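A.B. asks: sequence and computational prediction follow.
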Amino acid sequence: MNNGLRCPVCGQMLQQQNGLRCKNSHSFDVAKEGYVNLLLASRMKSKTPGDSKEMVAARHRFLESGGYAIFAEKLAELCTELAKDKSGPIHILDAGCGEGYYDSVICQTLQQLGLEYQLIGFDISKAAVRLAAKRKIPSTTFAVASSFEIPVADGWADVILNVFSPFAGNEFLRCLKPGGTLLYAVPTAEHLMGLKQVLYEKPYPNSEQPIAYAGFEQKQEHTAQGQLVVCDGLVQDLFAMTPYYWKTPKEGGCRLSACEKLETAIGFRFVVYKKRNGKK
């Protein structure tokens, strides 16, 4: 089975051969956990790009607690509907897969329904990809890579998932098949408002204005929302996996540190885009 990966050096397809190797003899070792690092050192902006081990661990603890289960279930539902329209395995590309939580729920759902799939997940954080690979999800490949240089063959993906990760429109168009689907997750207006009310004096709602992307046509939008209650250490874990972690005043951080229980609205908007015909 074609693994869908291409060489980050020359763009030729990678094959299993004492690791992964292209026909131009560029080779990449597969780590003991099962992932491959396709982020070239010459193109890294720091020695350890992406989320740190500590941030990845915090996100892992929070997600495994089930705090965002409603979002994973909605993603799995959307992928299932797309898979049912396929005559063969559906190819799913998770751009910014993190530690693989959403992928594990999606793949488990597809397996239970007897739907065939092949999934490639990548993230710029090696710590995150290592955890994703440790999940040992059947029919998946995990790689360290950037959304702006995706090591995947042209037109490989039926579906691209983008959950709060950088939007690399040109690369998404290249990797998607004609008529392929992009599932783009963005926050609802009130997502994590309870957290922001603790952190900031004047919390603001998230923007919900539609955004047009060149080469894509917006088709649908689905919303998953609910109320979240977290206690003790999970409060800090939730904080650590948000962008507010980097831009919160010291006073706000202190207030949250004293917070033993947090209640907040949560909500994702899953915007469905289709690749326009003729776009590469």
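C.D. replies: Noted; the coordinates are in hand. Residues are numbered from 1 along each chain as shown.

A.B. asks: going forward, measure contacts between C-alpha atoms and count neighbours the same way
C.D. replies: Fine.

A.B. asks: quickly list what residue 227 is bridged to.
C.D. replies: Assessed by DSSP bridges, residue 227 has beta-bridge partners residue 265.

A.B. asks: which residues are in contact with it?
C.D. replies: 263-266 (Cα atoms under 8 Å, 6 or more residues apart in numbering).

A.B. asks: 7 Å instead, please
C.D. replies: For residue 227, the contact set (Cα atoms under 7 Å, 6 or more residues apart in numbering) comprises 264-266.

A.B. asks: list just the nearest of these to residue 168.
C.D. replies: Lowest distance from residue 168 to those (Cα to Cα) belongs to residue 266, with 25.5 Å.

A.B. asks: three-state assignment of residue 203?
C.D. replies: Three-state assignment for residue 203 (DSSP: H, G, I helix; E, B strand; the rest coil): coil.

A.B. asks: over to the one 5 residues further on?
C.D. replies: When states are read from three-state DSSP, the local structure at residue 208 comes out as coil.

A.B. asks: ok now do it, which residues does it touch?
C.D. replies: For residue 208, the contacting residues are 188-189, by Cα under 7 Å, 6+ apart.

A.B. asks: need the per-residue pLDDT for it.
C.D. replies: The model reports residue 208 with a pLDDT of 88.

A.B. asks: distance of it from residue 188?
C.D. replies: Distance, residue 208 to residue 188, by Cα to Cα, to the nearest Å: 7 Å.

A.B. asks: shouldn't residue 123 be in contact with residue 129?
C.D. replies: Yes: the criterion here is Cα atoms under 7 Å, and residue 123 meets it with residue 129 at 6.3 Å.

A.B. asks: which residues are common contacts for the two?
C.D. replies: Common neighbours of residue 123 and residue 129 (Cα under 7 Å, 6+ apart) are 98, 143-144.

A.B. asks: what strand or helix carries residue 70?
C.D. replies: In the assignment (DSSP states H and E), residue 70 maps to helix 69-84.

A.B. asks: check the gap between residue 251 and residue 203 for me.
C.D. replies: Taken as Cα to Cα, the span from residue 251 to residue 203 is 14 Å.

A.B. asks: would residue 178 count as being in a helix?
C.D. replies: No: under three-state DSSP, residue 178 sits outside any helix and is assigned strand.

A.B. asks: excluding chain neighbours, what is closest to it?
C.D. replies: residue 277 (5.9 Å; Cα to Cα, 6 or more residues apart in numbering).

A.B. asks: how about the one you found, secondary structure?
C.D. replies: Applying three-state DSSP: residue 277 is coil.

A.B. asks: per-residue confidence at it?
C.D. replies: 77.

A.B. asks: so it touches residue 180, yeah?
C.D. replies: No: between residue 277 and residue 180 there is no contact under Cα under 7 Å: 9.4 Å.
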